[in-house]
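Visitor: When you get a sec, could you give me coordinates for this:
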Amino acid sequence: MFVVAVMGASLAVAADFWQLAQQREKERELLFSGHQFRRAIETFRARNSGKLPHELQELVLDPNWPVTQRYLRKIYVDPMTGRADWSLIRDGQGGIVGIHSQSGGKPIKAGNFRLQDGEFAEADTYAQWRFIANPPAAPFGQGGLSIPVPASR
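Guide: Next up is the predicted model:
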């Protein structure tokens, strides 16, 4: 009887570890997918003179080019929900500037994020992990890259 109780407790602990490992893997997948979407939106905008996509499908097949342009291989599934049901973050003209999960689950990962994902450390849910494309760089001399000029002596 004692052996059965110990085995049952051991299985319960193993199941908890397995579940935790699965959630960590889903978090890695969410970060990968989010970064892919962010990069695809940035590339779409760069190749389309600042225009943003209005549908995620435009990242798989860009209708603005006569030759096939793909910025994503496919619309990734949100690993937290198991569906491609991303919430879209839009600008004032309806262009997609980013995505985020619809999951209300609490993240395990709370640090060691990429610089552009630093705000994720304070997130209470996966829905707060917002993957927003970086704004386009301003042209030289208009708030963009500047080179310091040495002072005259």
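Visitor: For stretch 112-124, buried residues please.
Guide: Going by neighbour count (16 or more other CB atoms under 10 Å), the buried part of stretch 112-124 is D117, F120, A123. For the C-beta atoms, the positions are set from N, CA and C on the backbone; glycine is no exception.
Visitor: contacting residues around the last one?
Guide: Spelled out, it's A123. With contact taken as CB atoms under 8 Å, 6 or more residues apart in numbering, A123 is in contact with P107, W129.
Visitor: For it, give me phi and psi.
Guide: In terms of degrees, to the nearest 10, the main-chain angles of A123 are phi -70, psi 140.
Visitor: Which pLDDT value belongs to it?
Guide: pLDDT for A123: 96.
Visitor: do the same with the second one
Guide: Listed pLDDT for F120 reads 96.
Visitor: What of the first one?
Guide: Turning to D117, the model gives it a pLDDT of 94.
Visitor: Now for the chain, the helix or strand with the poorest mean pLDDT.
Guide: None of the helices or strands of the chain scores lower by mean pLDDT, DSSP states H and E than helix 2-47, at a mean of 86.
Visitor: And that one, how far out from the chain middle?
Guide: Chain-centre distance of helix 2-47: 15 Å, with CA atoms, centre = their mean, to the nearest Å.
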